[in-house]
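Chemist: What follows is a protein structure lacking sequence information:
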């Protein structure tokens, strides 16, 4: 559970900052998706944007956590599964 929190909490904070910066520059009512204007409410656009930023930031945190594992950690897990 601690590893999940170590991935999700920093990504949550960074997603909040990224959304604030993004929607400070871009008006949610002027967004286009595949050439068509987006007809969502502002709250729905902010929510979808935040979740999108959170997924990208969580993937980044997860990759960082995975890459910091040593060879002993990876090999021991493989031996434990056998």
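Modeler: Great, that's in hand. Please read all numbers here as calculations on a predicted model, not as lab measurements.

Chemist: can you give me the strands for this protein?
Modeler: Using DSSP state E, the strands of the chain run over 32-33, 36-37.

Chemist: Now mean pLDDT too, for those strands, in TSV please.
Modeler: Below are those laid out as TSV (pLDDT from 0 to 100):
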stretch	mean pLDDT
strand 32-33	88
strand 36-37	89
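
Chemist: Let me know which of the ones you listed is the nearest to residue 56.
Modeler: strand 32-33 (16.9 Å; C-beta to C-beta). All C-beta atoms are positioned from the backbone trio N, CA, C, and that covers glycine.

Chemist: Pairing partners for the closest one, with directions?
Modeler: Under the criterion DSSP bridges, strand 32-33 sits next to strand 36-37 (antiparallel) in its sheet.

Chemist: contact partners of the partner strand?
Modeler: Identification of contacts with strand 36-37 by C-beta atoms under 8 Å, 6 or more residues apart in numbering yields 30-31.
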